[in-house]
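**Q** Pasting the sequence and the predicted model now:
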Amino acid sequence: MADVSMKKVKDLIAKKDAIEKEIKEFQDVLDSQKGVGMNEKLIDEENYPRSDIDVYTVRVARNRIICLQNDHKALMKEIEEGIHEVHAQAREQKNKQETQQDKEVEDISTKLKAFLRVDSVANASPSFQAGLKVGDRILQFGSINGENFHSLADIASIVQHSKGRPVNVTVERGEGTKAITLTPNTWSGQGLLGCHIVPVK
């Protein structure tokens, strides 16, 4: 099922709902015939059609329920496949965007040099949630980079003025670079970041 849109999946779900409503209507028909259900015998002890119910109506209702249940089963499979495909397309689009973002970061990072290093990251802290890792070398922290960095007071100022607002951080990790969105905020520990950074000598 290629190039499935969420609209198509919603249309399939609408068809499923309609089928379920129709099945319920035919089940109500069976209930009105002394609740014969799908398996109860339609002949009496003498092998004659039962006189206390409308045998023809029951047979039609049973046949329609079986057909509708088969349609419902096939539709549920199609819906499941459609949802998986929509999610796969969303992941692919996200990966493309991240690849482009990483390329842009890579282009920028060639012009930057690391000026801070991450020494520790506390669990459940804003830095931890953002994906910052011990050993990351910071190339850019908001508007601060190696060219205009003077002291950690520069970083503290950005953090204090960005409480609850995302700060774009570019880090050097291993052989590559990564863009991180870090949102300073209060948490169960101290400070607004939950990490310890030191200037690179």
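**A** Received the coordinates, thanks.
**Q** quick one, what contacts residue 167?
**A** 141, 142, 158, 159, 181, 182, 183, 184 (C-beta atoms under 8 Å, 6 or more residues apart in numbering). From N, CA and C alone the C-beta is placed, and that goes for glycine too.
**Q** So the second one versus residue 193, what's the distance?
**A** I take that to be residue 142. Going from residue 142 to residue 193 by C-beta to C-beta, to the nearest Å gives 12 Å.
**Q** Looking at the two, which is more packed in?
**A** Using other C-beta atoms under 10 Å, the more surrounded residue of residue 142 and residue 193 is residue 193, with 26 against 17.
**Q** So the more buried one, which state does it fall into?
**A** Under DSSP: H, G, I helix; E, B strand; the rest coil, residue 193 falls in the coil class.
**Q** just the buried members of the contacts of residue 167?
**A** 141, 142, 159, 182, 183, 184 (16 or more other C-beta atoms under 10 Å).
**Q** Now, these that are in strands?
**A** Counting by DSSP state E, the part of the buried ones among the contacts of residue 167 found in strands is 141, 182.
**Q** where's the dip in pLDDT among the buried ones among the contacts of residue 167?
**A** pLDDT across the buried ones among the contacts of residue 167 is lowest for residue 142, at 89.
**Q** If you rank every helix and strand of this protein by mean pLDDT, what lands last?
**A** helix 55-109 (a mean of 81; mean pLDDT, DSSP states H and E).
**Q** Which SSE is immediately downstream of that one?
**A** strand 116-121 (DSSP states H and E).
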